[in-house]
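Participant: Sharing a model prediction with you, sequence too.
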Amino acid sequence: MAQIALGTVQFGMRYGIANQSGQVCLTEARKMLELAAVNNIGAIDTAIAYGESESCLGEIGVQGFKVVTKLPVVPEDCPDVRGWVYEQVAASMTRLRVSSLYGLLLHRSEQLFDKRIGNKLYDALQEIKASGQVRKVGVSIQNPHELERIITLFPSGLVQAPFNLVDRRLHTGGWLSRLKGNDIEVHTRSVFLQGLLLMSLTAIPAQFSSWGSLWTTWHAWLSLHDISALQACLAFPMGFQEIDSVVVGADSARQLQQILIASIFYQQTDLPSLQCEDEKLINPACWLPS
């Protein structure tokens, strides 16, 4: 059964369409990590591009957690890809105050197939894994179609992808079983669709009104079954045995505690059919500025 992992983008910047409190302060971040530790949250997800997130985590201490971070996009004018990768990883570990990482992911998988840097980038990832500085390498993707070309590149690797009641492509496209068949660890994110699935009908921003029937179906189902949106959202990915970790973000220790309590609810039967493959809804990168 999938385990909860703590996403920490909020530790470094304001993040999420439903975020009302901004960046998590150091004191609150410390409370959240303490809560994570006593509730057996094993993994922490961060990225070099997440503002002050890595430095915040390093200040608090992440010993005992499996830390997964992500490389930013390789600069177009990078003269030494291998050196750049090593510099990025060394700087990341310095900020995190660790001597090794559990996972290192690429934010832009298509760079692996860039004729100029692709092979160099791939070789650098494999070399840094072989050195023992990183246990698993892989990719963070936005769309499962990216996996067609990379599924065989990272045996015993790690893939992070969006997966929720609306965006079910990992499952409907057969990717969950294919990834597991290739011994690839699966971490899913965006379980709440950046908070949209947790909003009341009246709070959903006007830019998402085109999917009014989806929201109506969702809230009617919640009312009928007397189940919280938090419980239902978490029950969906946690019911898939192929998923290793469900990455969740929170704005406070109180919010994280609510997530942990809700995650105990595993019933997956009769969850509503909200599936949609419209990128304008399921890909936050396509959302209009709020």
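Facilitator: Thanks, I have the structure now.
Participant: So, low pLDDT: which residues of the protein?
Facilitator: For the chain, residues meeting the criterion pLDDT under 70 lie at 13-21, 266-269, 289-290.
Participant: Residue 242 is in contact with residue 185, correct?
Facilitator: No - in this structure residue 185 lies outside contact range of residue 242 using CB atoms under 8 Å: 10.1 Å. (Each C-beta comes from the backbone N, C-alpha and C, glycine too.)
Participant: Which residue of these two possesses the greater neighbour count?
Facilitator: residue 185 (21 against 17; other CB atoms under 10 Å).
Participant: Show me what the more buried one is bridged to.
Facilitator: With DSSP bridges as the criterion, residue 185 is bridged to residue 158.
Participant: so what's it up against?
Facilitator: The neighbours of residue 185, taking CB atoms under 8 Å, 6 or more residues apart in numbering as the test, are 103, 136, 138, 156, 157, 158, 159, 244, 245.
Participant: so where do the strands sit in the stretch 151-290 of the chain?
Facilitator: Along the stretch 151-290 of the chain, counting by DSSP state E, counting those that start in this stretch, strands occupy 158-162, 185-189, 245-249.
Participant: Figure out which of those strands is closest to residue 278.
Facilitator: Checking the strands of the stretch 151-290 of the chain against residue 278 by CB to CB gives strand 158-162 as the closest, at 13.5 Å.
Participant: what comes into contact with the closest one?
Facilitator: 45, 68, 103, 105, 136-142, 144, 147, 170, 175, 179, 184-190, 247, 282-283.
Participant: just the buried members of the residues you listed?
Facilitator: The neighbour-count criterion (16 or more other CB atoms under 10 Å) marks 45, 68, 103, 105, 136-142, 144, 147, 170, 175, 179, 184-190, 247, 282 among the contacts of strand 158-162 as buried.
Participant: Next, check those against the helices and list the overlap.
Facilitator: Those of those mapping onto helices are 170, 175, 179, 282, per DSSP state H.
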